[in-house]
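Asker: have a look at this prediction, sequence included:
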Amino acid sequence: MSGTSGTPVTAVVVRLKLSLLRNGLRQSGGRRAAYVASAVVALVFAALQLIGLIALRGHAHADALVVLLAAVLGLGWAVMPLFFPGGDETLDPTRLVMLPLRPRPLVRALLAASLVGIGPLFTLLMLVGSVIAVAHGAAAYAVSVVAVVLALLLCVALARAVAAANIRLLTSRRGRDLAVLSGLVIAVGAQVVNFGAQRLGSAGLGQLDPAADVLRWVPPAAAVGAVHAVSDEAYGQAAAQLLLCVAALVALVRVWARSLERLMTAPDGSTLHAAEPDGRARDASRGASHGWERLLPAGRTGTVMGRSLRYIWRDPKTKAAWVTSLAIGVIVPVFNAVQGTGSVYFACFAAGMLGIQMYNQFGQDTSAFWMVAMTISGARDAYVELRGRALALLVVTLPYAALVTVLTTALLGTWERLPEVLGLSFALLGAMLGTGAWTSARFPYSIPQEGHKNVVPGQVGLAWMSIFGGMVAAALLCAPVIVLTVWLHAGPGADAYGWLLLPAGLVYGAALTLLGLRLAAPRTAARLPEILSAVSKG
């Protein structure tokens with residue numbers, strides 16, 4: 001199909017993709033520098049991996065590694081549109097809905113456009129290194145060309161099909177919320193890769209053989225498996241694996257084409273639902289979402305707690321910060337415990353990561369803080385405001401810190417240390433809540449609502465002083481509990497009296513929280529104009 005000027009649609013869409021990339025880089029010098037830096041890092045990493053894969057030629061288990069690598073690449077392309085929907089503007093086909101385009105030419109054009117970018121080039125280098133690692137003989141090298149093309153097309157078609165099938169979700173608020181989980185996926189994935197690399201380094205690549213035997217029949221890994229099969233002169237197996245990849249590609253393209261046709265001809269169901277005159281469904285969902293507020297205390301404390309908990313659930317930046325803290329808080333102690341290199345005291349990391357959320361409490365309000373400031377007439381109102389925010393954090397942090405501590409203790413089998421570690425966690429959490437309340441009043445800063453930055457330009461120093469200064473102060477405030485723990489372990493009564501650290505840490509942490517709130521309240525009431533000015537810059 002051609003456009004009105006006789007230009008093929010594929011060429012137009014590819015040029016459109018290049019224009020989107022070029023215009024995006026022209027928006028700001030920072031974005032251009034970030035793109036260039038990320039491209040350089042990705043290509044350098046891909047080049048190093050290419051060299052490493054080539055060096056695997058002749059290794060007894062090289063085929064298992066490259067088959068698994070191809071499967072991981074396919075999985076990455078499948079989940080990429082779900083967690084990074086804004087990474088490629090052409091992933092949203094609804095932007096082309098007003099153009100007179102048929103699904104089949106549009107599929108060819110978008111598939112060609114998908115091959116433009118750093119991601120496809122990175123994938124291509126990985127696939128080339130994989131087939132070189134297992135190809136032996138002229139026939140294997142000839143099949144390698146077909147295998148690389150098939151695997152690359154399968155990856156991009158998989159991403160397109162997933163994006164087209166979920167585009168209504170990805171462009172909604174829930175889709176943006178789903179993107180917040182990308183930090184969790186990256187953090188967990190990095191730890192899994194680290195753990196797997198350590199296991200392979202100690203036990204060898206032979207552990208991959210059982211998984212590779214299954215995955216070599218799953219596209220796109222089957223394409224790389226076909227190259228290894230030809231090297232072993234198993235031509236029937238290689239033909240079956242290539243045919244399986246071709247069938248998977250055809251199926252993906254058909255599913256993608258049907259999704260495109262449905263998107264370009266069917267009305268948006270979410271819009272129709274919103275236009276319904278009967279709002280009973282919305283009222284019911286609203287009532288259900290607010291039912292938990294009946295469990296909160298009466299008065300201003302409950303109102304502040306409800307508002308803070310809604311920020312955690314609805315505000316994208318606040319939700320991203322919480323998801324990251326929750327993920328890292330459990331990943332560090334648990335993965336170290338699984339690897340056998342951790343300590344039960346690493347469980348305190350969960351309390352530390354969640355305690356950070358108390359810092360810069362007013363920054364998440366942005367310019368809307370003026371409504372809060374209008375309700376504060378003195379130190380008492382400021383104290384109740386800060387207390388409600390601290391209690392909202394405790395609703396999540398207290399059980400979570402306890403859960404991570406119990407889980408870490410169970411993995412290490414050191415149940416006798418559970419009371420003291422819980423005491424240390426509660427003391428650290430209380431210290432961070434207290435110092436967080438004080439730094440929120442003394443060093444407030446604005447959190448921009450757009451973009452990926454968490455601090456507006458010019459306030460980076462305030463953010464560093466608030467977070468890291470508060471963390472150091474919290475660690476120093478926990479010194480008495482730490483000294484008591486060391487003293488008990490130095491003496492003969494560690495097992496007999498270690499349980500005393502649990503109530504001691506709980507009481508000490510509560511006292512630090514109350515002290516911090518008391519000290520922060522008058523400063524907050526006296527600095528309302530300064531706080532409003534600082535948090536309104538975003």
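Answerer: Here it is on my side, so go on.
Asker: any idea how far Gly469 is from Thr435?
Answerer: 8 Å (Cβ to Cβ, to the nearest Å). For the C-beta atoms, the positions are set from N, CA and C on the backbone; glycine is no exception.
Asker: list the contacts for Ala337?
Answerer: Val344, Phe346, Thr408, Leu411, Leu412 (Cβ atoms under 8 Å, 6 or more residues apart in numbering).
Asker: pretty sure the third one sits against Ala351.
Answerer: Going back to what we said before, that points to Thr408. No - Thr408 lies out of contact with Ala351 (Cβ atoms under 8 Å); the separation is 11.9 Å.
Asker: list the residues that contact both of the two?
Answerer: Counting by Cβ under 8 Å, 6+ apart, nothing touches both Thr408 and Ala351.
Asker: Gly469 and Thr435: who's more crowded?
Answerer: Between Gly469 and Thr435, counted using other Cβ atoms under 10 Å, Thr435 has the larger neighbour count: 29 against 15.
Asker: off-centre distance for the longest helix anywhere in the chain?
Answerer: Taking DSSP state H as the criterion, the chain has its longest helix at helix 379-412. Distance, stretch centre to chain centre, for helix 379-412: 22 Å (Cα atoms, centre = their mean, to the nearest Å).
Asker: for it, give the mean pLDDT please.
Answerer: For helix 379-412, the mean per-residue pLDDT is 91.
Asker: helices or strands next to that helix in the packing?
Answerer: With contacts taken as 3 or more Cβ pairs under 8 Å, 6 or more residues apart in numbering; DSSP states H and E, helix 379-412 sits against helix 299-314, helix 316-339, helix 348-355, helix 418-442, helix 501-526.
Asker: now Ala71: closest residue in space, sequence neighbours ignored.
Answerer: Spatial nearest neighbour of Ala71, excluding adjacent residues (Cβ to Cβ, 6 or more residues apart in numbering): Ala221 at 4.1 Å.
Asker: contacts only, for the one you found.
Answerer: Listed by Cβ under 8 Å, 6+ apart, the contact set of Ala221 reads Val67, Leu68, Ala70, Ala71, Gly74, Leu215.
Asker: how many neighbouring residues does the last one have?
Answerer: Spelled out, it's Leu215. Neighbours of Leu215 under the rule other Cβ under 10 Å: 22.
Asker: pretty sure Phe426 sits against Ala351.
Answerer: Yes - using Cβ under 8 Å, Phe426 makes contact with Ala351 at a distance of 7.3 Å.
Asker: are there residues contacting both of those two? Which ones?
Answerer: Counting by Cβ under 8 Å, 6+ apart, the common neighbours of Phe426 and Ala351 are Ala401.
Asker: list the contacts for Val230?
Answerer: Shown in contact with Val230 (Cβ under 8 Å, 6+ apart): Ala135, Gly137, Ala139, Ala140, Val143, Ala238.
Asker: which one of these sits closest to Leu150?
Answerer: Set against Leu150, the nearest of the contacts of Val230 by Cβ to Cβ is Val143 (10.0 Å).
Asker: quick check: closest non-adjacent residue to the closest one.
Answerer: Among residues not flanking Val143 along the chain, Val230 sits closest, at 4.8 Å (Cβ to Cβ, 6+ apart).
Asker: which SSE is Trp217 in?
Answerer: Assigned by DSSP states H and E, Trp217 belongs to neither a helix nor a strand.
Asker: so who does Ala463 touch?
Answerer: Ala463 makes contact with Asn360, Phe443, Tyr445, Asn454, Val455, according to Cβ under 8 Å, 6+ apart.
Asker: flag the least confident of these.
Answerer: Among these, pLDDT bottoms out at Asn454, giving 69.
Asker: re earlier: export the helices and strands packed on helix 379-412 as TSV, with columns for distance to Leu16.
Answerer: Formatted as TSV, the helices and strands packed on helix 379-412 follow (distance: least, Cβ to Cβ, whole Å):
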stretch	distance to Leu16
helix 299-314	35
helix 316-339	28
helix 348-355	43
helix 418-442	47
helix 501-526	52
